[in-house]
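> One predicted model, sequence on top.
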Amino acid sequence: MTSPAIATPPLEAAPRGFLARRLYGLLLRHVYLLTGSWPRLVEMLYWPIINMASWGFTSLYVLRKFNNSFAVSGIFVAGVLLNEFFFRTIVGMMLLFLEEVWSRNLGHLFTSPLNFIDYMIGVLGLSFLRTVISVSLAVVVASYLFGFSLLSLGWPLTMYLLLLLVSGWWYGMLIIALLLRFGMAAEWTAWMFTWLIIPLIAPYYPVAILPGWLQLVSCTLPPTYVFESMKSQIAGNGLRMDYLLISFVLNIVYFIAASLILNRAYQGARKRGGLLQMGE
Amino acid sequence: MRGSEIAIKTSRLRKVFDNIVAVDDIDLDIRVGSITALLGGNGAGKTTTMAMLLALLQPTSGDIFLLGKNLLQERATIARNINFSSPYVDLPNRLTVRQNLTVYGHMYGVENLKQRITTLSDQLHITELLDRKHGTLSAGQRTRATLAKSLLNKPRLLLLDEPTASLDPDTADWVRTLLQAYCKAEGATIFMASHNMYEVERMCDDVIVMQRGRVVDRGSPKKLIETYSRENLEEVFLDIARNRNAAT
């Protein structure tokens, strides 16, 4: 039996605010996940506090043992907190993507009106929210345990955070590109890459400590300049606007490059059928 | 302005993985309001074809038009009006059924979302499952929850992969009835892949048979059964799979 041919009405244009609604859907998806899974929530808050406490007590020991200046302790604690902000942004982006892969949900996501650009806008925003929640408690605990307030850095703190956020974003985009390209076989490699950058950006020590060739690598990374400026500021040698400018320019270049690499990885996954096959 | 009478149109659609031709220059035209099945053995190219229609897989060459629009150029407009369900693509396991439906309701821009979820839950008998996590559901319950997601936006084109997989015969029966009624009431088109020949015979107006990436036969279930001089569609399927020719 064949039914008679009928015509569909013309497709309507998307209503106003539809992008916001799609992003709200993505936000809800992760809010539900976090609020329904206390281990995820605890984990989010736990590591920044543990890292901050370990380094904070180490710095107190150094301070007392060697009768060093209070600045050393401040550099350690500020270094840990800013580094956590950078690192948690990367981890947040990676986890937001991995959650979809683990639940084999990519097929539903990318057949919905949510396109890849929407998705990445959502991931950038959500990783920022996760990071703020994650690091805020560590900032409060640092103030209580070590008498160091990150806010004592004053207005330059805003610039430090913005530059580190953008650095975390482009690095996170490269990690997602890696996962899209090689699938879950690259999950452990992705975790290794998230840690790889940390010693190179010298969050707790001067770049000059690194061997010569590593200093060259370090100088190509935007977060290095943020940490150098922070150390200079706390040591009383003043804010390094020149460093922040270099960090800003490098961030723009790397963000554009990472966007292009990520888009290429996504298109590659669409060619190979990776969006359907990707899963545990 | 008049819409399209063809819900799915592909021209010379081709997909090659490395040197393997998965879909070989197929031309499809699926009428609006019809229920069409895509049949074929393992490796025939059904999943690849479905994935291309869903824009999850980029064709090597060829064009796809859904609801009169070019999929590669106007996916955003098309995506609001189509949906899909497959037992092989999960919804997030740690979210409850209600949460999953809410998330996807927002992504599809569904109006009166709470009401829509209530209506669908009623129709698909999942009201008592709404506050259970998707991962704790049985295979049959998951199939119904995923079907609810696929009907959230009242799609004009519904792409289904094994729509009644894991359902007991009774549940499968009323799900089929529900899908047929939906199709009729909304003027929607269903394009489905299924290995359940009884289901295809009962639901579909049109059957497309694929083998090694090509369309090898097409017609209504009745016409195919007559052409192959068989009792039912399952026997037709076996004839085609084993390269036995049609009786005529």
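Cool, got the structure.
> Check which residues of stretch A:92-105 are buried.
Using 16 or more other CB atoms under 10 Å in any protein chain shown as the test for burial, stretch A:92-105 gives A:92-105. For the C-beta atoms, the positions are set from N, CA and C on the backbone; glycine is no exception.
> which of these are the two that sit furthest away from each other?
Within those, two members stand farthest from each other by CB to CB: A:92 and A:104, at 20.9 Å.
> distance of the spatially most central residue of chain A from residue B:188?
By CA atoms, centre = their mean, chain A has its centre lying nearest to residue A:89, at 1.8 Å. From residue A:89 across to residue B:188, the span is 43 Å (CB to CB, to the nearest Å).
> got any ranges where chain A has weak pLDDT?
Across chain A, the ranges flagged by pLDDT under 70 are A:1-9, A:67-71, A:278-280.
> Could I get the full set of helices for it?
A:18-35, A:38-65, A:70-102, A:106-111, A:116-146, A:156-182, A:187-200, A:212-219, A:222-234, A:241-272, A:274-277 (DSSP state H).
> what's the fifth one packed up against?
What that stands for is helix A:116-146. helix A:18-35, helix A:38-65, helix A:70-102, helix A:106-111, helix A:156-182, helix A:241-272 (3 or more CB pairs under 8 Å, 6 or more residues apart in numbering or on different chains; DSSP states H and E).
> any chance of those helices in TSV, with distance to chain B too?
As requested, those are exported to TSV (distance: least, CB to the nearest CB, whole Å):
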stretch	distance to chain B
helix A:18-35	3
helix A:38-65	9
helix A:70-102	8
helix A:106-111	4
helix A:156-182	13
helix A:241-272	4
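> And those: which comes nearest residue B:209?
Of the helices and strands packed on helix A:116-146, nearest to residue B:209 by CB to CB is helix A:106-111, at 25.0 Å.
> Now do the closest residue to residue B:108 other than its chain neighbours, the pLDDT please.
Distances taken as CB to CB, 6 or more residues apart in numbering or on different chains put residue B:153 closest to residue B:108, at 3.8 Å, once the chain neighbours are dropped. What the model reports as pLDDT for residue B:153 is 94.
> what about stretch A:106-119, how long is it end to end?
11 Å (CA to CA, to the nearest Å).
> in which helix or strand would I find the most centrally placed residue in chain B?
By CA atoms, centre = their mean, the mean C-alpha position of chain B lies nearest to residue B:160, the distance being 2.1 Å. Assigning secondary structure by DSSP states H and E places residue B:160 in strand B:157-161.
> same thing with residue B:175?
Short version: residue B:175 belongs to helix B:169-186, going by DSSP H and E.
> buried set for that helix?
B:171, B:172, B:175, B:176, B:178, B:179, B:182, B:183.
> Nearest spatial neighbour of the third one, chain-adjacent residues omitted?
Spelled out, that is residue B:175. residue B:164 (5.5 Å).
> Same check on the second one?
Leaving out its chain neighbours, the residue that sits closest to residue B:172 by CB to CB, 6+ apart is residue B:164, at 3.9 Å.
> What of the fifth one?
Distances taken as CB to CB, 6+ apart place residue B:123 nearest to residue B:178, at 6.0 Å, with adjacent residues excluded.
> Kindly tell me how buried that neighbour is, as a neighbour count.
18 (other CB atoms under 10 Å in any protein chain shown).
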